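**Q** how would this look folded up:
(chains A and B)
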Amino acid sequence: MLENRNFLIPDATLIVEMIAFAVVLILMPKFVLPHIRRAMQQRQALITAAFTAAAEADLRRKRADTEAQALLASARHQASEITDQARSMRDHLIAEGRREGNGEYRWLAGRAEREADRRADHARLRGQQEGAAVAVEVLRDDIGVPFDRALVAALIGQRLRAQRASMDEVGTSA
Amino acid sequence: MTTVGATAAASWFDAISIQADIVAGTAVAAVLVLTAGYWARRRASRSQPGAVQVLWEISVQAADRAAQAVPARMRPRVVAVSVTIFWFVTASNWLHLVPGLSLPAPTSDINLALALALMTMAVVHATAVQVRGWRGYLRHYLSPWWLSPVKLLDELIKPMTLALRLFGMVFASALMLLLIGELLPPPMAVVPHALWTLFDVFIGAIQAFIFALLTILYFTAVLPADPAERTTRSDIKPGSDGQHFSGAEIVAHEPPTVSQLCADEELSHA
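**A** Coordinates of the predicted model:
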């Protein structure tokens, strides 16, 4: 409960309280707070160093990113050039192949045509020769006309050579 | 039962009386603060601070921020005094709330409140004399001469207001707790008592904060402004050779903050 004395008037307790507070006021700034402040400053230095390192790392990362982008762009450009060169070479090779193929085709076709003509002529002459031989045999054996076999053969051969020559002339002129 | 103002007075002589429970409460508060400080010091870690260390660091940082107007070389002392005052007053204000410890809040007695105020003002003026010298200290109060009485009166009123504000708030708060316990029947008093106890915790912390903040302001008022503090980063220019800075400029050049680092980096990229 409330005391009888005037509680607004200090007494000798004030002196003791001042001494007690003075002790705290001396001990705390001398032995406690400098350590706490030092720990704070060291942590602040650590944090600052970490932030600086992070900022530098970020800077390096951005530089590397820029370099990578430049390299990538250069590689893309080179790839594009190589692709263009390959396309142009492909078109050139295709055109050249077509040209060579057409030439070879024409050469082969001409050769085959000539061979076919030669073989046809040969077959035709052979047929004519065989037909003439059959006709001579018919005249000699069945009808009884005497023939000199060597003479007939020479005549037929002469006639065929003349025919061939005329055919060659016709083919050359054609 | 909790008592307010009724203290166990140990009379040494007729004229001298010492209130033992107030002195005991003050001693307990001092031991608590010193123990907490010693605990934080022993376990101070720069990488993984504990809860006690974090509390101390928060208070140191807040005091440091509030004392920016104080000259840099005196700032550690001002911060140390204000942080000590804050925790000591907080411990004293909360002491009567500790269960099982039947001691009154020492700050609910005018003696401790006045002792705190007088000691604080003594440290403030001692620091002012140390920084300004006796001549400068007296000149501070004598210029202009016609304001000297007002300044003197102000200096006399400061400790009184400090003491009476703290004492009044803590005394009234303790008195309210006593009245709630006395006037209400026990079952009905539980909830108001609990609510007021919470409010008392709040009041105790706020009063300690106000006391510490006013201490910093009183330091700021009596100490001269630091010329080095006026030097800002924009004022720093290269020396005559274009590379070297003067000593004052180097002292005033604070390490870059994170935002400054980021801004510098963006500028370099731009």
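
**Q** For residue B:156, the count of nearby residues, please.
**A** Residue B:156: 10 surrounding residues under other C-beta atoms under 10 Å in any protein chain shown. Every C-beta, even on glycine, is put in place using the N, C-alpha and C of the backbone.

**Q** Now do the buried residues in stretch B:135-153.
**A** Within stretch B:135-153, the residues scored as buried using 16 or more other C-beta atoms under 10 Å in any protein chain shown are B:137, B:141.

**Q** Identify the residues contacting it?
**A** Stretch B:135-153 is contacted from outside by B:125, B:128, B:129, B:132, B:155, B:222, B:224, using C-beta atoms under 8 Å, 6 or more residues apart in numbering or on different chains.

**Q** Generate a ChimeraX selection restricted to the buried entries among these.
**A** With 16+ other C-beta under 10 Å as the criterion, this ChimeraX line picks the buried residues out of the contacts of stretch B:135-153:
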select /B:128,132,155,222
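
**Q** could you say which helix or strand contains residue B:174?
**A** Taking DSSP states H and E as the criterion, residue B:174 maps to helix B:148-183.

**Q** and that helix, average pLDDT?
**A** Helix B:148-183 carries an average pLDDT of 92.

**Q** List the buried residues of that helix.
**A** B:155, B:158-159, B:162-167, B:169-171, B:173-174, B:176-178, B:180.

**Q** if I look at the residue nearest the centre of chain B, how far off is residue B:100?
**A** Nearest to the mean C-alpha position of chain B, by C-alpha atoms, centre = their mean, lies residue B:212 at 2.2 Å. Using C-beta to C-beta, to the nearest Å, residue B:212 is found at 28 Å from residue B:100.

**Q** same question, residue A:5
**A** Distance from residue A:5 to residue B:100, by C-beta to C-beta: 28 Å.

**Q** So residue A:9 belongs to a strand, correct?
**A** No - judged by DSSP: H, G, I helix; E, B strand; the rest coil, residue A:9 forms no part of a strand; its state is coil.

**Q** Low-confidence ranges, chain A, go.
**A** Counting by pLDDT under 70, chain A has low-confidence residues at A:1-4, A:170-174.

**Q** after the lengthiest helix in it, next one along is what?
**A** Counting by DSSP state H, the longest helix found in chain A is helix A:33-137. Elements were assigned by DSSP H and E; along the chain past helix A:33-137, the next helix or strand is helix A:149-173.

**Q** hmm, back to that, so how far is the longest helix of chain A off the chain centroid?
**A** Distance of helix A:33-137 from its chain centroid, counting by C-alpha atoms, centre = their mean, to the nearest Å, is 4 Å.

**Q** again with stretch A:143-150
**A** 82 Å.

**Q** my guess is residue A:40 meets residue B:60, correct?
**A** Yes - assessed by C-beta atoms under 8 Å, residue A:40 is found in contact with residue B:60 at 6.6 Å.

**Q** Go back to the buried residues of helix B:148-183 and keep what's next to chain A.
**A** residue B:171 (C-beta under 8 Å from any C-beta of the partner chain).

**Q** Give me the distance between residue B:105 and residue A:65.
**A** For residue B:105 relative to residue A:65 (C-beta to C-beta), the value is 63 Å.

**Q** pLDDT-wise, what's the bottom of the contacts of stretch B:135-153?
**A** residue B:224 (86).

**Q** Pretty sure that residue sits against residue B:127.
**A** No - assessed by C-beta under 8 Å, residue B:224 is found out of contact with residue B:127, at 11.4 Å.

**Q** Backbone dihedrals for residue A:148, please?
**A** Here is the backbone geometry of residue A:148 (degrees, to the nearest 10): phi -80, psi 120.

**Q** Residue A:142 versus that one, what's the distance?
**A** Counting by C-beta to C-beta, the gap from residue A:148 to residue A:142 is 18 Å.

**Q** mind checking how far residue A:26 is from residue B:123?
**A** In terms of C-beta to C-beta, residue A:26 sits 10 Å off from residue B:123.

**Q** So which of those two has more stuff around it?
**A** residue B:123 (20 against 11).

**Q** Please name the nearest non-neighbouring residue to the more buried one.
**A** residue B:81 (5.7 Å; C-beta to C-beta, 6 or more residues apart in numbering or on different chains).

**Q** ok, the one you found touching residue B:218?
**A** No - counting by C-beta under 8 Å, residue B:218 is not a contact partner of residue B:81; they are 10.3 Å apart.

**Q** what about the strands in chain B?
**A** Secondary structure of chain B by DSSP state E: the strands cover B:9-11, B:17-19.

**Q** worst average pLDDT in those?
**A** When I compare the strands of chain B, strand B:9-11 is least confident, with a mean of 53.

**Q** What number of residues are in the vicinity of the nearest residue to residue B:37 once chain neighbours are set aside?
**A** Closest residue in space to residue B:37, ignoring its immediate chain neighbours: residue A:32 at 3.5 Å, by C-beta to C-beta, 6+ apart. Neighbourhood size, residue A:32 [other C-beta under 10 Å]: 25.

**Q** Equivalent analysis for residue A:118, please.
**A** 11.

**Q** Can you confirm whether stretch B:210-227 lies near chain A?
**A** No - Stretch B:210-227 lies apart from chain A when judged by C-beta under 8 Å from any C-beta; the minimum separation is 11.1 Å.

**Q** Any idea how far that stretch is from the middle of the chain?
**A** 11 Å.

**Q** Next, the buried residues of that stretch.
**A** For stretch B:210-227, by 16+ other C-beta under 10 Å, it's B:210-220, B:222-223, B:226.

**Q** Considering those residues, which is situated nearest to chain A?
**A** residue B:215 (11.1 Å; C-beta to the nearest C-beta).

**Q** Just list the residues touching residue B:193, thanks.
**A** B:177, B:180, B:181.

**Q** Done for today, thanks.
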